[in-house]
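A.B. asks: sequence plus predicted model, see below.
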Amino acid sequence: MTPEAVRGWARHAVDSPLYVHLAGVIADDPDLLGIAGRIVSQPQLNILLAGVQLILARDPSDPLAAWYPNLTAEPRPPDDALGREFRRFVADHEDEITRIGATRYAQTNEARRAVALLPAVWTSGWDRFHLVDVGASAGLNLALDRYRYRWGSVEWGDSPLLLEAGSRGADPRPRPIEIGRRIGLDLNPLDPSNPDDRAWLEALIWPEDGERRRRFRAAVAIASGVGIEMVAGDASATIAGVVGSLPAGEPVVVMDSFTLNQFSPAQLEAFDRAVAEARETRPVYRVSMGETWRDDGSSLRVDDGSGPRQIGWAHHHGRWVELYDLP
Ligand SMILES: C[S@@+](CC[C@H](N)C(=O)[O-])C[C@H]1O[C@@H](n2cnc3c(N)ncnc32)[C@H](O)[C@@H]1O
């Protein structure tokens, strides 16, 4: 990795003063740059910092933990000593960090994206359907009907987890829904009931983001109890068999968030073809978040088979939703 690439990354890390400081330490240190550059998974810095957090969380008595807000009650502000401790920690755990970088991926799973996904699902007008999530990670968005929501003055649901979003456009239009099977497709499905997978997903959350950590834990507790099925493999190859395994003729919502942007053109084409073929035997409604981005958010699209239709925008992590006023 080059120092410039690391400094460029830091410009987008403004929510974490700790990571901004550590990026400066890495950019100035050829050994750390070399270790980051040997990480197989992308983005290398996110994986390096998550790997450090994962190992550190197992031993919060290590001196480096004194700067991590999620590991100590009174974190020290970033200073020169932080750089020294970080260099020592990475050197002591280089092999393990490299191994993590070869076996783990940046599979963040943000339940608050459901503030945009659920209003999009409601636009199907369906009361009963099966739900397939493409790139489901740990499956948290497959439990979107089990969370409680507040968008401005509109509230919906009854759940220990409240997801709150600013509503910049039209109000969502809630309707009762019943989800049959809930199936997640992922190259590498994560199991929220597996402590190692859970620890990795938590390590991907930035140290300062206590709210996201609490939300993640609450969503895991809920999603673990709703009967989510996971199918491993490339979704462009597995989607046809999965949808085909659902009872004949029954409607299915196929949803994706921040996944199709990782597909190659050939995968996208195969995926679209499989959905088109499935539509010959059953209604399929598609909901897509994060296919295209603007500066402050990403697109929210639906498709009932007549072609993709943008219904608004949403913040990448669901801080706000901007729905168009649809008929
Ligand atoms: C950025 S995560 C998004 C997770 C979740 N949809 C969310 O919004 O919180 C993208 C996920 O897509 C998965 N993925 C990427 N390419 C895939 C493919 N071709 N088939 C299945 N899953 C894929 C990754 O493994 C990862 O778990």
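C.D. replies: On my side now, so go ahead.
A.B. asks: what's the domain layout of this structure?
C.D. replies: Residue ranges for the domains of the chain, per automatic domain parsing: 3-103, 111-323.
A.B. asks: can you give me the end-to-end distance of the shortest one?
C.D. replies: Using C-alpha to C-alpha, to the nearest Å, one end of domain 3-103 lies 25 Å from the other.
A.B. asks: how about that domain and the ligand, any contact?
C.D. replies: No. Domain 3-103 lies out of reach of the ligand by C-beta under 6 Å from any ligand atom, never closer than 10.5 Å. Yep, even glycine has a C-beta here, placed from its N, CA and C like the rest.
A.B. asks: distance between that domain and the chain's centre?
C.D. replies: On the basis of C-alpha atoms, centre = their mean, to the nearest Å, domain 3-103 sits 21 Å off its chain's mean C-alpha point.
A.B. asks: just the last one next, same as before
C.D. replies: Average the C-alpha atoms of domain 111-323, do the same for its chain, and the two points are 10 Å apart (C-alpha atoms, centre = their mean).
A.B. asks: span of it from start to end?
C.D. replies: Domain 111-323 end-to-end distance (C-alpha to C-alpha) = 19 Å.
A.B. asks: pLDDT (mean, whole number) over that domain?
C.D. replies: Domain 111-323 shows a mean pLDDT of 96.
A.B. asks: same question for the first one.
C.D. replies: In this model, domain 3-103 carries a mean pLDDT of 96.
A.B. asks: use 53 as the first number for this chain going forward.
C.D. replies: All set: I'll call the first residue 53, so the last point we hit is now domain 55-155.
A.B. asks: tabulate the domains of the chain in JSON lines, adding columns for mean neighbour count.
C.D. replies: Below are those laid out as JSON lines (neighbours: other C-beta atoms under 10 Å):
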{"stretch": "domain 55-155", "mean neighbour count": "17"}
{"stretch": "domain 163-375", "mean neighbour count": "18"}
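A.B. asks: and the contacts of whichever helix or strand residue 108 is part of?
C.D. replies: Using DSSP states H and E, residue 108 falls within helix 96-110. Contact with helix 96-110 is made by 53, 58, 61, 71, 74-75, 78, 87-89, 91, 93, 114, 116-117, 120, 122-123, 138, 141-142, 145, 148-149, 152-153, 156-158, 251-252, 254-256, 259, as judged by C-beta atoms under 8 Å, 6 or more residues apart in numbering.
A.B. asks: now, those that are in strands?
C.D. replies: The strands, defined by DSSP state E, take in nothing from the contacts of helix 96-110.
A.B. asks: now, those residues that are in helices?
C.D. replies: The helices, defined by DSSP state H, take in 58, 61, 71, 74-75, 78, 87-89, 138, 141-142, 148-149, 152-153, 251-252, 254-255 from these.
A.B. asks: now do the strands in the protein.
C.D. replies: 180-186, 200-203, 206-208, 214-219, 230-238, 280-284, 304-309, 336-346, 349-355, 361-366, 372-375.
A.B. asks: which stretch among these comes nearest the ligand?
C.D. replies: The ligand lies closest, by C-beta to the nearest ligand atom, to one member of these: strand 304-309, at 3.5 Å.
A.B. asks: close to the ligand: what parts of the stretch 203-352 of the chain are there?
C.D. replies: For the stretch 203-352 of the chain, the contact set with the ligand under C-beta under 6 Å from any ligand atom comprises 237-240, 286-288, 309-311, 314-315, 319.
A.B. asks: got the contact list for residue 227?
C.D. replies: Taking C-beta under 8 Å, 6+ apart, one finds 174, 177, 179 in contact with residue 227.
A.B. asks: would you turn those into TSV with distance to the ligand?
C.D. replies: Shown next, in TSV, are the contacts of residue 227 (distance: C-beta to the nearest ligand atom, whole Å):
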residue	distance to the ligand
174	18
177	24
179	24
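A.B. asks: closest to residue 366 among these?
C.D. replies: residue 174 (14.2 Å; C-beta to C-beta).
A.B. asks: so the closest one sits against residue 224, correct?
C.D. replies: Yes. Using C-beta atoms under 8 Å, residue 174 is in contact with residue 224, at 6.7 Å.
A.B. asks: ok, and the closest non-adjacent residue to residue 115?
C.D. replies: Excluding the flanking residues, the one nearest residue 115 by C-beta to C-beta, 6 or more residues apart in numbering is residue 137, at 5.3 Å.
A.B. asks: please consider this matter closed, and thank you.
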